[in-house]
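Undergrad: Return a 3D structure for these sequence lines:
(chains A, B and C)
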Amino acid sequence: MTLAVLLALGVLAVGGGVLVFVVDSMARATFCLLASFIAVAVMILMTGLAYLGTVIILMMIIEMVIMAVFMIMYMMNPAGLMPMSMFHNTRGAALISGLLFAGLTAGIFLADWPEKRGERPKDPTTALGETLMEGHMLTMMTLGVTLFSTIVATVVLATGRGRYDRLGDGLDAAHADDPAGGGVGR
Amino acid sequence: MAAPAMVLVLPVLLVAAVWCVAVLDGVLADRAAGHRGGAGRSLVRPGQEVARLLAGQRRTTQAADGLLRWAGIAGLIVASVLAAGVVPLGWKAPADLSVGVVWFNAMEVVAWAAVWLVGWGPDSALSLVGGYRFVAQGLAYELPHMFAIITAALGAGSLRMSDIVDAQAGLWFAVWMPAAFAAYLLSAAAMAFWGPFDAPLGRDVAGGAAAELSGVDRLLFEGGRRLLLVAAAAVAVPLFLGGGHGPWLPAGAWVLVKTLAVLALLVWLRHRLPVVRMDRWTEISWIVLLPLTMVQALAVALVVLARGGGGP
Amino acid sequence: MDLTRALLRLAARTPHVLIVPVPGAARLRMDVEDAVGSRRWREASGPADTDLLIVAGTPGPEMRTVLARVWELVPAPRVRIDLDTQASPGDIGRYLDEVPGRLADPLRARDEARTAARRQAADDVHGHRPGGPARGGAPAAAAVRTRLDEERQLLGGDGGPDREEPARDGEHEGHGGHAERGEHGGHAGHSEHAEHGGREGHAGHGETGGHGGHHGHHHMDMPLQGGLGMADVAEDRDGLALDVLNLPLGPVLPDWPAGLVLDVVMQGDVIASAEARFLDGARVPRGAGEFGPVVGDLDVTARVLAVAGWPGPAARARALRDRVRRGAVREEVENELTALVRRVRGSRTLRLMLRGPGGDRKADVAGLLESRLSRIEAHAAGRPTGEPDEPGRPSVRELGGRLAGAEWAAARLLIAALDPHPGPTARHASAGAGPAE
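TA: Okay, here's the model as predicted:
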């Protein structure tokens, strides 16, 4: 029974991924990808990792919606109204991906998976938290801060107008020089 | 009450709560507009509106993406019901997940996808503007919301709703985490695009994401929105208002009373304030609300540590 | 009694009303709003939400075409009332009293649905549309293009989407019927258009026309269904390269000045540039804008509050306006007027939403509203109110310039506060604060 459900979810995941390239509409492609991710998340839920599975659903939905915004903004034909073909190097790509898939599958079946050692923890969420935070607290904190500063730096580099454009050379303008004001007024 | 019975009772309770929201909304709208009397009219009004939408003709537009629009409407309703499934009705919930808080969060972000899809589907300019307004709103409310609910989980040392309720036996979290509670209430209105946060369906965009909906589609969409509001208000009870704790009445009655109180507050807020524009709100949300919730989380963490470490 | 009949009877008591004002019939519009409000009927937010369409005034030829298209967008059960400019409140009351009966008639509802379906069947003559997934009842591009061209001739507009014009490139006309097979209670399908009417109203094509502007002129050979064209890409106000959408907005939008059409070039929801015009040349009869001293201010205040999303005080302002119009003396209403002014002024949220960005005088809706509120307060206190703020009201030609760079919400607020209306000259010469027609 479990195996049947897992198989169905696997088919859904792979099918969703394939549909991303088949459908014309970018909006539909995004949400096919979301369906694929959710299928994978449900599979993880079925292995008993409740927190990981739920967090994957949460994050993927938010990410796919934001990705939809960018897809619509940058891609041609976002509604699929024009039957446009957007494939390049179809045969080569199919060959490479087929080979890769075969290789990975072979690896999965031929790898020497270890046997289960010890007991399943009563609360996998706490166990996960402790694993991440206890021995590797410093790493996690540094990672977090690094990620955050990368994001901030990227945005600062990407934006066309900086603080000095908005607030004057002395950063002391009464109001920020923006075309549309924000709520705080700066 | 056994879990299967609760699963059957939950939809009934949700629909009843949606009805109460509609009635209260009508009463307050009449009072805000200065109309006298007609309380009886407000009781019947939701029924009339439902009948109107049931008997109305469905419509669609040219080059509409009907599949995505339907997916949005259906997703909104399903997610709202699933989100309400972790709320303890009394002491036990229909589904007391070990990660109930994160589950609720995951189900309410489905609204992001749902409203965008409904705005996108009809291929209509103002409808699309409404859908995108909701995405902007989502980005603004989500982080303070997440910090608020994590603060409640932090106070109890667990992500399970029933543990959080148990931790409030002495003092409700709303009392010693007021900033988190306020942020949660605002985000509850924002996630259901209700009240001061209903710019996505605003009058200045001719109905926004719902502009091209009529008939049953509109009924399901508006119903889903109110369902999400009810679910968000219901979750506020175990997270911040002590769940079923309270004198004299049984736990189930207390949950009901508290949920209705939160709903009344949210409906009142809708009529008290004009609609908040997202280009003004985003700055406030990120610069004021987010640091506030972070500081609140820090304060709660310090209290928990001082109490002797919260954790299983 | 079958279910449909019961539902229709229950629903007919609270129809949603779409009031379409015609320039020059402001008095009639206010009478209709008064009658609808006193029956506690809700105002619709668009044609999809409408049961009752009321045309307040005698429309000109362009407006008539627009109204015909809007009427097609309204789903059954539906009733349309065309009021003459001379209609009295008694006439209005009589017409409105008949409406629940007409709405509750299931045979009539089926007829309405069938009429719309017949129109859609004419579209289907040419068969399937090229490309895309098959959907029941989708019209052929050819049939739609024929109708598009007809309409352009009717409205004297520009050529089809394939003809390139510099400013009009990527024009989107959301025409074309599209039957919806969703049924309930035996209604047949209904043909739609994604617009509010003709080239006016919002065209049904957002950024879905295609993105990534490196397509050159390919789109001329392969038109999208409905004759829609591919959008071009240009830099917007903030420096992003976004699609350009040429959209005629109005005149059938909620809380919108009568007869105003805004031809906007939108990117996202930011207006890159706009041109305003009034339908039918906008000849307004002399004296049409003459009302009492505070009626116009209350009307504009109500409109701004409604667009700002605060229906309670907006309804109060409208009720006060109607009481003053019906002859209430100053003493009767002064308390309520002052209370309203205090309520609106005291709302910090409203001020935050309305104030212009960074002290920009031109876009400061809060300032415009404040001047109206001061005049209402002065009238309530018995002081002389003075002339309306004439420099604040732009001509139709200037209005478009004022809106450039504004987001849609800000633009709607600005239009509501500026209250443009057609007149023989740019400056309105009436003594009172003439409300928008």
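Undergrad: If you count residues, where's the longest helix of chain A?
TA: The residue-count maximum for a helix in chain A (DSSP state H) belongs to helix A:50-74.
Undergrad: quick one: B:Ala183 and C:Val300, what's the gap?
TA: Per Cβ to Cβ, to the nearest Å, B:Ala183 is found 36 Å from C:Val300. Yep, even glycine has a C-beta here, placed from its N, CA and C like the rest.
Undergrad: can you check C:Leu28 too?
TA: Using Cβ to Cβ, one gets 18 Å for the distance from C:Leu28 to C:Val300.
Undergrad: Flag every residue of chain A that's near chain B.
TA: A:25, A:27-28, A:31, A:34, A:50-51, A:54-55, A:57-58, A:61-62, A:64-66, A:68-69, A:79, A:81, A:123, A:125-126, A:180-184, A:186 (Cβ under 8 Å from any Cβ of the partner chain).
Undergrad: for the stretch 201-350 of chain C, which spans come out with low pLDDT?
TA: C:201-228, C:282-290 (pLDDT under 70).
Undergrad: show me where it has helices.
TA: Taking DSSP state H, counting those that start in this stretch as the criterion, the stretch 201-350 of chain C carries its helices at C:295-307, C:311-325, C:330-346, C:348-354.
Undergrad: Please work out which of the ones you listed is packed deepest.
TA: Comparing the helices of the stretch 201-350 of chain C by mean neighbour count (mean count of other Cβ atoms under 10 Å in any protein chain shown), helix C:295-307 ranks first with a mean of 26.
Undergrad: domain assignment for chain A?
TA: A:1-78, A:136-173 (automatic domain parsing).
Undergrad: what about the first one, near chain C?
TA: Pointing back at domain A:1-78 there. Yes: applying Cβ under 8 Å from any Cβ, one finds domain A:1-78 in contact with chain C at A:24, A:72-78.
Undergrad: now do the same end-to-end measure for that domain.
TA: 40 Å (Cα to Cα, to the nearest Å).
Undergrad: Which entries within the residues of chain A next to chain B meet the buried criterion?
TA: Buried members of the residues of chain A next to chain B, scored by 16 or more other Cβ atoms under 10 Å in any protein chain shown, are A:25, A:27-28, A:31, A:34, A:50-51, A:54-55, A:57-58, A:61-62, A:64-65, A:68-69, A:79, A:81, A:123, A:125-126, A:180-183.
Undergrad: can you list the domain ranges for chain C.
TA: Following automatic domain parsing, one gets these domains for chain C: C:3-104, C:119-131+C:138-249, C:295-418.
Undergrad: mind checking how far the longest helix of chain A is from the chain centre?
TA: Distance of helix A:50-74 from its chain centroid, counting by Cα atoms, centre = their mean, to the nearest Å, is 6 Å.
Undergrad: Give the other helices and strands that it contacts.
TA: Helices and strands touching helix A:50-74, as assessed by 3 or more Cβ pairs under 8 Å, 6 or more residues apart in numbering or on different chains; DSSP states H and E, comprise helix A:26-46, helix A:124-133, helix B:100-108, helix B:110-120, helix B:125-156.
Undergrad: and residue 109, how many neighbours?
TA: Because you didn't say which chain, this covers chain A. For A:Phe109, the count of nearby residues is 8 (other Cβ atoms under 10 Å in any protein chain shown).
Undergrad: should've been chain B
TA: 24.
Undergrad: Contact partners for it?
TA: Contacts for B:Val109 were tallied using Cβ atoms under 8 Å, 6 or more residues apart in numbering or on different chains; they are A:58, A:61-62, A:65, B:138, B:142.
Undergrad: Same check on A:Ile38?
TA: A:Ile38 sits next to A:57, A:60-61 when contact means Cβ under 8 Å, 6+ apart.
Undergrad: on that earlier part again, so which of the contacts of B:Val109 comes closest to B:Lys92?
TA: Closest approach between the contacts of B:Val109 and B:Lys92, by Cβ to Cβ: A:Leu58, at 24.5 Å.
Undergrad: if you skip the residues just before and after it, what's nearest to the closest one?
TA: The shortest distance from A:Leu58 to any non-neighbouring residue, by Cβ to Cβ, 6 or more residues apart in numbering or on different chains, is to B:Ala106 (3.9 Å).
Undergrad: And B:Leu54, how far from B:Val216?
TA: Remark: distance between B:Leu54 and B:Val216 (Cβ to Cβ) = 7 Å.
Undergrad: Report pLDDT for C:Glu200.
TA: pLDDT for C:Glu200: 34.
Undergrad: A:Met43 against A:Ala8, yeah?
TA: No: counting by Cβ atoms under 8 Å, A:Met43 does not reach A:Ala8; the two are 10.0 Å apart.
Undergrad: Those two: which has the busier surroundings?
TA: A:Met43 (19 against 13).
Undergrad: what sits against that one?
TA: Residues near A:Met43 by Cβ under 8 Å, 6+ apart: A:6, A:9-10, A:13.
Undergrad: Out of the helices of the stretch 201-350 of chain C, flag the one nearest C:Leu83.
TA: The nearest among those, by Cβ to Cβ, is helix C:311-325 at 16.8 Å.
Undergrad: Need the residues that contact that closest one.
TA: Helix C:311-325 is contacted from outside by B:29, B:31-35, B:203, B:271, C:30, C:33-34, C:37, C:291-292, C:294-295, C:298-299, C:301-303, C:305-306, C:332-333, C:336-337, C:340, C:343-344, using Cβ under 8 Å, 6+ apart.
Undergrad: Among the residues of domain A:1-78 next to chain C, which one sits closest to chain B?
TA: A:Ile72 (8.1 Å; Cβ to the nearest Cβ).
Undergrad: Got the confidence number for the nearest residue to that closest one once chain neighbours are set aside?
TA: Spatial nearest neighbour of A:Ile72, chain neighbours left out: A:Pro78 (4.5 Å); criterion: Cβ to Cβ, 6+ apart. On the pLDDT scale, A:Pro78 is placed at 82.
Undergrad: neighbours around A:Pro78, how many?
TA: A:Pro78: 27 neighbours (other Cβ under 10 Å).
Undergrad: if we can go back for a sec, verify the contact between the residue nearest to A:Leu58 and A:Gly53 for me.
TA: No: assessed by Cβ under 8 Å, B:Ala106 is found out of contact with A:Gly53, at 9.2 Å.
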